[in-house]
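**Student:** Quick one, fold the following:
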Amino acid sequence: MSVLAVLDPAVAVAHAAVSAIAHVLPTALAIVLFVLAVRLCLHPLARAAARGEKARAKLAPKVAELNRKHKKDPEKAREALAELYRKEQVSPFAGCLPMLVQIPFFSVMYRLFTTPNDLLDHTLFGVPLGLHVGNAHGAGQFAVIGLLYAGLAAVGYVNYRRVRRAAAAPAAQTTPQPGAAVLPYLSFASVLFAVLVPVAAALYLLTTSVWSAAERAWLYRGGVAAPATALAV
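**Tutor:** Modelled structure (predicted):
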C-alpha cells in the first residue's frame with residue numbers, strides 16, 4: 001500500500017468537488033477551476049509571506065553588518081540575528097510558509113491524478129486525462145501533451161529569470177543561500193515531473209504554476225525582489 005494512502009479521505013473530498021463541477025463543465029476545466037479556487041483560498045498566506053520577505057529585505061543591511069561584526073563567533077552571530085528578528089517582529093522563514101502549506105494540497109492532487117478513477121476517463125481535446133506520454137499515439141495526442149509541456153517550460157523560464165534577478169539583488173549578495181547557483185535551474189523541474197504523470201496531473205501543474213507566477217508578480221510588483229526560490233506548486 002502506498003504511503004500516500006493516508007491522504008485518501010482528502011482525495012475523496014477533492015474528487016467529489018471536481019466531480020460536482022464536472023457535472024456542468026468539462027472535466028479538464030473543472031480541474032482548472034478547482035485548483036484556482038484552492039489557490040485563491042491560500043492567497044492570504046502568500047500575502048503574509050510577501051510582507052515578511054519585504055521586511056527581511058529591509059533588514060538585509062543590518063543582517064550583513066551583524067554577520068561581519070560576529071564573523072569569528074557564529075554562535076554570537078546567531079544570537080544577534082535572532083534578537084534582531086525578534087525586535088523587528090520578522091520571521092526568517094516567512095517566505096517558506098506558502099510552499100509548506102501547498103505540499104499537502106500537491107500530495108492530494110498527485111494522489112487523485114495517479115490513482116485510477118472516473119475523472120481520468122474524461123478527455124482534454126480528445127486526450128484521456130489518465131494518459132501518460134509514453135502511451136500517447138497520433139499527432140493530436142502528442143500536440144496536446146506538447147502544449148502542456150511548452151506551457152510549463154514557459155512558466156519555468158519566467159521563474160528562471162526571476163530567481164536569477166533575485167540572486168543578483170544586493171540583499172542576496174550579502175546573505176548568499178547554499179546552492180544558489182542551482183536554484184534557477186530548478187524552475188524547470190515541473191516540466192520533468194510532468195513527463196512522469198498523467199495528463200490530468202500535468203494540467204494541474206500548469207494551472208498552479210501559472211497562478212504562482214502571476215501571484216508573485218503581483219505581490220512583488222514595484223521593484224521589490226521576489227524570494228529566490230525556484231519551486232512553487
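**Student:** Using the three-state scheme, assign the residue in the chain sticking out farthest from the centre.
**Tutor:** Relative to the centre of the chain, and counting by Cα atoms, centre = their mean, the farthest-placed residue is residue 72 at 37.1 Å. Here residue 72 is coil, with the state taken from DSSP: H, G, I helix; E, B strand; the rest coil.
**Student:** Just the pLDDT at it, thanks.
**Tutor:** Residue 72 is assigned a pLDDT of 78 by the prediction.
**Student:** swap in residue 4?
**Tutor:** Listed pLDDT for residue 4 reads 69.
**Student:** How about residue 32?
**Tutor:** On pLDDT, residue 32 comes in at 97.
**Student:** Next, count neighbours for residue 65.
**Tutor:** When neighbours are counted by other Cβ atoms under 10 Å, residue 65 registers 13. Quick note: C-beta positions are derived from backbone N, CA and C, even for glycine.
**Student:** Three-state assignment for it, please.
**Tutor:** Using three-state DSSP, the structure places residue 65 in helix.
**Student:** Give me the distance between it and residue 57.
**Tutor:** From residue 65 over to residue 57 the distance is 15 Å, taken as Cβ to Cβ, to the nearest Å.
**Student:** do the same with residue 7
**Tutor:** Taking Cβ to Cβ as the measure, residue 7 and residue 57 are separated by 36 Å.
**Student:** just checking, residue 81 touches residue 64?
**Tutor:** No - look at residue 81 against residue 64 with Cβ atoms under 8 Å: they stay out of range, at 10.7 Å.
**Student:** Neighbour count for those two, which is higher?
**Tutor:** Taking residue 81 and residue 64 together and counting by other Cβ under 10 Å, residue 81 has the greater number of neighbours (18 against 15).
**Student:** Report pLDDT for the more buried one.
**Tutor:** Looking at residue 81, its pLDDT stands at 83.
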